[in-house]
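Undergrad: just the structure for this:
(one chain, ligands or ions: 3)
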Amino acid sequence: MTSKGPEEEHPSVTLFRQYLRIRTVQPKPDYARQLGLGCQKVEVAPGYVVTVLTWPGTNPTLSSILLNSHTDVVPVFKEHWSHDPFEAFKDSEGYIYARGAQDMKCVSIQYLEAVRRLKVEGHRFPRTIHMTFVPDEEVGGHQGMELFVQRPEFHALRAGFALDEGIANPTDAFTVFYSERSPWWVRVTSTGRPGHASRFMEDTAAEKLHKVVNSILAFREKEWQRLQSNPHLKEGSVTSVNLTKLEGGVAYNVIPATMSASFDFRVAPDVDFKAFEEQLQSWCQAAGEGVTLEFAQKWMHPQVTPTDDSNPWWAAFSRVCKDMNLTLEPEIMPAATDNRYIRAVGVPALGFSPMNRTPVLLHDHDERLHEAVFLRGVDIYTRLLPALASVPALPSDS
Ligand SMILES: CSCC[C@H](NC=O)C(=O)O
Ligand SMILES: [Zn+2]
Ligand SMILES: [Zn+2]
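TA: Ligands and ions are numbered 1, 2, ... in the order given. Down below sits the predicted model:
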């Protein structure tokens, strides 16, 4: 597909590229005014603002549709990029290169452009549509959505259903996420006898840590094999773990009294959490005295949003996709997004970034999105929003 010259660029693409160039971002209030939307800013922690843009529905007794996106992006290694990651360069084929092109500034602008189109065409829908722009998803959402869902301003939105981010799909299909794995960040600390490193000391911190590392990496191998050997399993359906930090030691010839290893576990939603924690504890105990673990993060509330017609939101969502001839691949999100906070307070939610035929480049060098895929995404939301915002009254609405 060839790209049009700059003078012919679709205004939605131009807006997307402008947004990609902003390094520290909040949607501007005048943009809300331009679209004729209500705008509310909620400072959930000092310096951390959640912006809410609102298009009121015609029936205020109904619960609302929440369209969430995060404005922050992950760091870049500029030397590995073909183009400046904050320039939103568009190549001759139409690929737009920028940090955030997939994750997830595309979605923020697609929501806004779909709402703009629908308003320009004079539509109104029964349910209110809220767009939330949150500041810190990439570092866990602890100063953003995690706090926001506990606030009265969130409850006042009366969200009945939410959309948040997904991941690109290189095939013709679109991935949609109905649940997430739970992040458990575990630090194992091993203590033992110090001494001169020329000696065969017994009970050293390193030997015991080594045992735990072996147990955990053997578990990793087992889960990996389970995933590899079953074509029906997707990455999000098994538990993953990586050893991400090793700390300890002061000198070559001093046996340290303490060493630690840090692990990033992503626990599948069907795992028995209590039994899994006991397993971790028993690996530590089996390694010897003085081996303990602590959690830097331990998500305990995985929720599954049903993907069958018992869920009227899924019925509306999947019906539109069917009508548009889009193939959906429902999966469990391997990583953690702000959707876990939304689901945990009882709001059904799907993770969806409408990017098919697109390599998965979130957090990667040369993150990019084709303008045609981006514009198709605006079309998709332009069909999804009327359907979702017109879901008839539900028992949960009253
Ligand atoms: C677990 S808190 C960090 C959240 C982060 N989200 C996106 O990459 C992730 O590592 O999944
Ligand atoms: Zn993201
Ligand atoms: Zn991300």
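Undergrad: quick check, residue 237 in contact with residue 332.
TA: Yes - at 5.7 Å, residue 237 and residue 332 qualify as touching, with contact defined as Cβ atoms under 8 Å. Every residue, glycine included, has its C-beta placed from N, CA and C.
Undergrad: would you map the helices across the stretch 1-150 of the chain?
TA: 11-21, 29-35, 105-120, 145-148 (DSSP state H, counting those that start in this stretch).
Undergrad: lowest average pLDDT across those helices?
TA: Sorting those by mean pLDDT places helix 29-35 lowest, at a mean of 74.
Undergrad: show me what counts as buried in it.
TA: Within helix 29-35, the residues that count as buried by 16 or more other Cβ atoms under 10 Å are 31, 32, 35.
Undergrad: if I pick the second one, what's in contact with it?
TA: If a contact means Cβ atoms under 8 Å, 6 or more residues apart in numbering, then residue 32 has 38, 39, 53 as its contacts.
Undergrad: any idea how far it is from residue 284?
TA: 52 Å (Cβ to Cβ, to the nearest Å).
Undergrad: do the first one as well
TA: Residue 31 sits 52 Å away from residue 284 when distances are taken as Cβ to Cβ.
Undergrad: does residue 98 touch residue 85 like I think?
TA: Yes - assessed by Cβ under 8 Å, residue 98 is found in contact with residue 85 at 5.8 Å.
Undergrad: tell me the contacts of the residue positioned nearest the centre of the chain?
TA: Central residue of the chain (Cα atoms, centre = their mean): residue 337, 2.8 Å from the mean position. With contact set as Cβ under 8 Å, 6+ apart, residue 337 has these partners: 137, 141, 164, 165, 180, 351.
Undergrad: give me that answer again for 6 Å
TA: 164, 165 (Cβ atoms under 6 Å, 6 or more residues apart in numbering).
Undergrad: got it, and the one 3 residues further on?
TA: Contacts for residue 340 were tallied using Cβ under 6 Å, 6+ apart; they are residue 180.
Undergrad: give me the pLDDT for it.
TA: 98.
Undergrad: that one belongs to a strand, doesn't it?
TA: No - using DSSP: H, G, I helix; E, B strand; the rest coil, the secondary structure at residue 340 is helix, not a strand.
Undergrad: distance of it from residue 254?
TA: In terms of Cβ to Cβ, residue 340 sits 43 Å off from residue 254.
Undergrad: what do you get for residue 232?
TA: 51 Å.
Undergrad: of those two, which one has the most company?
TA: The residue with more neighbours, out of residue 232 and residue 254, is residue 254; 12 against 5, by other Cβ atoms under 10 Å.
Undergrad: how near is the more buried one to ligand 1?
TA: Distance from residue 254 to ligand 1, counting by Cβ to the nearest ligand atom, to the nearest Å: 35 Å.
Undergrad: just give the closest residue to that residue, not the sequence neighbours.
TA: What sits nearest to residue 254 in space, not counting adjacent residues and going by Cβ to Cβ, 6 or more residues apart in numbering, is residue 197, at 6.0 Å.
Undergrad: so the one you found sits right up against residue 253, yeah?
TA: Yes - counting by Cβ atoms under 6 Å, residue 253 is a contact partner of residue 197 at 4.3 Å.
Undergrad: higher neighbour count, the two?
TA: residue 197 (14 against 9).
Undergrad: and residue 82, what is it in contact with?
TA: Here residue 82 is in contact with residue 366 (Cβ under 6 Å, 6+ apart).
Undergrad: quick one: which of the buried residues of helix 29-35 is nearest ligand 1?
TA: residue 31 (25.6 Å; Cβ to the nearest ligand atom).
Undergrad: how close does the closest residue to residue 236 other than its chain neighbours sit to residue 154?
TA: Once flanking residues are discounted, residue 236 sits nearest to residue 332: 3.1 Å by Cβ to Cβ, 6+ apart. Plainly put, residue 332 is 25 Å away from residue 154 if you go by Cβ to Cβ.
Undergrad: kindly report the same for residue 142.
TA: For residue 142, the distance to residue 154 - Cβ to Cβ - is 15 Å.
Undergrad: over to residue 238?
TA: Separation of residue 238 from residue 154 (Cβ to Cβ) stands at 33 Å.
Undergrad: now stretch 205-212: buried residues?
TA: Here stretch 205-212 shows 205, 208, 209, 211, 212 as buried, counting by 16+ other Cβ under 10 Å.
Undergrad: what does the protein put close to ligand 2?
TA: 103, 104, 165 (Cβ under 5 Å from the ion).
Undergrad: which one of those residues sits closest to residue 193?
TA: residue 103 (47.0 Å; Cβ to Cβ).
Undergrad: so what's that closest one up against?
TA: Counting by Cβ under 6 Å, 6+ apart, the residues that residue 103 touches are residue 362.
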